[in-house]
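# Sequence and predicted structure are below.
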Amino acid sequence: MDLEVSQLSFAYEHDRVIDQLSLSVHAGEFVSLIGPSGSGKSTLFYLLGGLYQPLEGEIQLGGQSIINQTGKIGYMPQQPSLFPWLTVAENIRLGRRLNRISSKFPDLVRLLKKARLDNVEHKYPHQLSGGMQQRVALLRTLAAGYPLLCLDEPFAALDALTRQQMRAWLFELLLTEHQTILFITHSVEEALLLSDRIYVLTNRPLQVKKEIVLPFQRDLSFQQRRDQSTFIDLRRKIESLLT
Ligand SMILES: Nc1ncnc2c1ncn2[C@@H]1O[C@H](COP(=O)(O)OP(=O)(O)OP(=O)(O)O)[C@@H](O)[C@H]1O
């Protein structure tokens, strides 16, 4: 489903954090948001998730306003947010129950296998590594059947190697599941490897500084993307926009 954010503004008390922000994500697209720390990116996700009321502007999902409506989008924070007393399978099913989603449940064993999480459905979160927990959290968001997934730096807390593996895993998963994703990252490399489009954002109050449509085909491997001459140029361009 398409997301359309138009002229959105928000303030904490009298402190304007988002100012007339407009952006879009088309169905099936992977769009990254990259911007300075503290610029208001997570706040934008809270607005998309219906937790806050904007000062002005509109947020539409599939042509319908979702302002102040919770449960319309999938959201995944930086830290894995699994319930420690529930097994992996129960954690994944919970998202659907909470949202009263009645559509056919995706095949859990197939999903876990795809996530390279074979034979963990009866384990508890503390029995898994941090990277595995994040994969379970992402599967829970996926399984809940949301039309849009908002991922807020999902790999930030992981070590470099796990992070690299998670990127590859996420990319493979998304290619085959045709998810629509809005992804916050601080890594220019990550954004260039995963995205169809990137919004480079300003410092607070948050606005779009530059929209970049990536010229890479989806089926290129990460190495093939890196080998494109435009990859380095775009990397330099985005880095200079961020300084
Ligand atoms: N509940 C709140 N009340 C008042 N100010 C807040 C509140 N939450 C966040 N802020 C302020 O709003 C600004 C934007 O915060 P936000 O977390 O949205 O930024 P961010 O871009 O996601 O940051 P980071 O990249 O570091 O995660 C920050 O200056 C923060 O201090």
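Received, thanks.

# and the closest residue to Ala144 other than its chain neighbours, what does it touch?
Distances taken as Cβ to Cβ, 6 or more residues apart in numbering put Gly95 closest to Ala144, at 3.7 Å, once the chain neighbours are dropped. (Glycine included, C-beta is placed from N, CA and C.) Contacts were defined as Cβ atoms under 8 Å, 6 or more residues apart in numbering; by that measure Gly95 touches 74, 140-141, 143-144.

# how much space between Gly95 and the ligand?
Gly95 is 23 Å from the ligand, where distance means Cβ to the nearest ligand atom, to the nearest Å.

# Export the helix or strand hosting that residue to CSV, keeping only CA atoms.
Secondary structure assignment for Gly95, by DSSP states H and E: helix 88-98. In CSV, the C-alpha atoms belonging to helix 88-98 read as follows (Å, rounded to 0.1, in the frame of the first residue of the first chain):
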residue,chain,number,x,y,z
VAL,A,88,9.6,-17.7,19.6
ALA,A,89,6.4,-19.2,18.0
GLU,A,90,4.2,-17.5,20.7
ASN,A,91,6.0,-14.2,20.2
ILE,A,92,5.4,-14.3,16.5
ARG,A,93,1.8,-15.2,16.8
LEU,A,94,1.2,-12.5,19.4
GLY,A,95,1.5,-9.6,17.0
ARG,A,96,-1.4,-11.0,15.0
ARG,A,97,-3.5,-11.6,18.0
LEU,A,98,-3.0,-8.1,19.3
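
# mind checking how far that helix is from the chain centre?
19 Å (Cα atoms, centre = their mean, to the nearest Å).

# That one: what's the following helix or strand?
For helix 88-98, the following helix or strand on the C-terminal side (DSSP H and E) is helix 108-114.

# mind listing what's buried in that next one?
Within helix 108-114, the residues that qualify as buried are 111-112, 114, counting by 16 or more other Cβ atoms under 10 Å.

# same check, this time on stretch 210-230
Burial within stretch 210-230, assessed by neighbour count using 16+ other Cβ under 10 Å, is assigned to 212, 214, 216, 225, 228.

# my guess is the fourth one meets Phe216, correct?
Yes. If you go by Cβ atoms under 8 Å, Arg225 and Phe216 touch, sitting 5.2 Å apart.

# who touches both of these two?
By Cβ under 8 Å, 6+ apart, the residues touching both Arg225 and Phe216 are Phe231.

# related to what we said a few turns ago, can the buried residues of helix 108-114 go into TSV with extra columns for distance to the ligand and pLDDT?
As requested, these are exported to TSV (distance: Cβ to the nearest ligand atom, whole Å; pLDDT from 0 to 100):
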residue	distance to the ligand	pLDDT
Leu111	29	77
Leu112	30	83
Lys114	29	75
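
# Tell me the one of those residues nearest Glu29?
Lowest distance from Glu29 to the buried residues of helix 108-114 (Cβ to Cβ) belongs to Lys114, with 21.0 Å.
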